[in-house]
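A.B. asks: task: produce atomic coordinates for the following.
(one chain, ligands or ions: 1)
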Amino acid sequence: MMMAGTCAARPAAAALALCLALGLLRAFVPGAAHGAAAQRPAAAQASGAPMGMGEQPQESPLLGAATRLLAGAAAAGLLAGLSAGAARAEIEDVAIPVDGKGKTRNLSKEELIRGKRLFNVACGTCHVGGGTRTNQSVGLGIEELSGAFPPRNTIDSLVDYINAPTTYDGLKDISEVHPSIIAADLWPKMRSMKQQDLYDISAYILYQNYVIPEKWGGGKQYY
Ligand code: HEC
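C.D. replies: Here you go, the predicted structure:
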């Protein structure tokens, strides 16, 4: 029964076929049938015989081991296949908006890693997990970025922000209180940053929004 339950819960066709095959195998091997196994303890009790280890319902040990091994291998293979597929889809299939006119870009793994590394060095202290320390309402989640003026939900507009950051309403220059390029004399980590670096950081921020939309910018419950 347990085996049947596990099989029904597993959706993939390959695993299902394996489950069916194993089920058939179990049904045709003497001693492995569930019905016979279930009746044995009742018979033992009725005759007053003590229930020793020998009376425990048992399936053929070899078959049991083989079944577990095969099922385990199938599950592991299935998981490996799924996560490999997800990883591929994550990086190369995600279209990151470049400007407000519909232009998009797909990142390479190298660009993504570069952006992440630079972000962690220059921004991570305040923006860990996409939140904003000291002002959680102006985080790096896509909703907040989209609500800013001008909207900061594209690579170009984020690059612009890192060059010359402004308040959320776009009215005031905050380059002296937020890391920036125009006031790089005040921000040691920004001094060596090239425009390509800002680009990669921005792409990484947007990528995170597509891959972990709830976590990124989700605040203390996650980080
Ligand atoms: C010293 C802390 C600190 C560091 C370091 C920092 N930020 Fe910020 N960031 C803030 C704060 C505080 C705000 C909110 C500013 C406001 O009130 O408008 C903010 C706001 C932002 C916003 C606007 C978000 C929105 O929803 O409009 C962006 C984009 C941003 N930061 C990107 C970056 C990037 C990229 C880096 C790294 C190069 C960085 N920040 C480094 C503290 C920091």
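
A.B. asks: now the end-to-end length of stretch 115-132.
C.D. replies: Stretch 115-132 has an end-to-end distance of 18 Å (criterion: C-alpha to C-alpha, to the nearest Å).

A.B. asks: identify each buried residue in that stretch, please.
C.D. replies: Buried residues in stretch 115-132, defined by neighbour count with 16 or more other C-beta atoms under 10 Å: 115-116, 118-119, 122-123, 127, 129-132. All C-beta atoms are positioned from the backbone trio N, CA, C, and that covers glycine.

A.B. asks: keep only those of those residues that are in helices.
C.D. replies: 115-116, 118-119, 122, 127 (DSSP state H).

A.B. asks: if we can go back for a sec, in CSV: the buried residues of stretch 115-132, plus pLDDT and distance to the ligand.
C.D. replies: Output for these, formatted as CSV (pLDDT from 0 to 100; distance: C-beta to the nearest ligand atom, whole Å):
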residue, pLDDT, distance to the ligand
Gly115, 98, 10
Lys116, 98, 12
Leu118, 98, 8
Phe119, 98, 6
Ala122, 97, 4
Cys123, 98, 3
His127, 96, 5
Gly129, 94, 13
Gly130, 95, 10
Gly131, 94, 10
Thr132, 94, 5
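
A.B. asks: these two touch, right, Pro97 and Leu145?
C.D. replies: No - look at Pro97 against Leu145 with C-beta atoms under 8 Å: they stay out of range, at 10.5 Å.

A.B. asks: between those two, which contacts overlap?
C.D. replies: Asn153 (C-beta atoms under 8 Å, 6 or more residues apart in numbering).

A.B. asks: of those two, who's got more company?
C.D. replies: More crowded of Pro97 and Leu145, by other C-beta atoms under 10 Å: Leu145, with 22 against 19.

A.B. asks: helices or strands next to whichever strand or helix holds the more buried one in the packing?
C.D. replies: In the assignment (DSSP states H and E), Leu145 maps to helix 142-147. Under the contact definition 3 or more C-beta pairs under 8 Å, 6 or more residues apart in numbering; DSSP states H and E, helix 142-147 sits against helix 195-211.

A.B. asks: for the helix it packs on, which outside residues touch it?
C.D. replies: With contacts defined as C-beta under 8 Å, 6+ apart, helix 195-211 is touched by 90-91, 94, 96-97, 105, 107, 111-112, 114-116, 118-119, 122-123, 130, 140-142, 145, 153-155, 158-159, 162-163, 181, 216-217.
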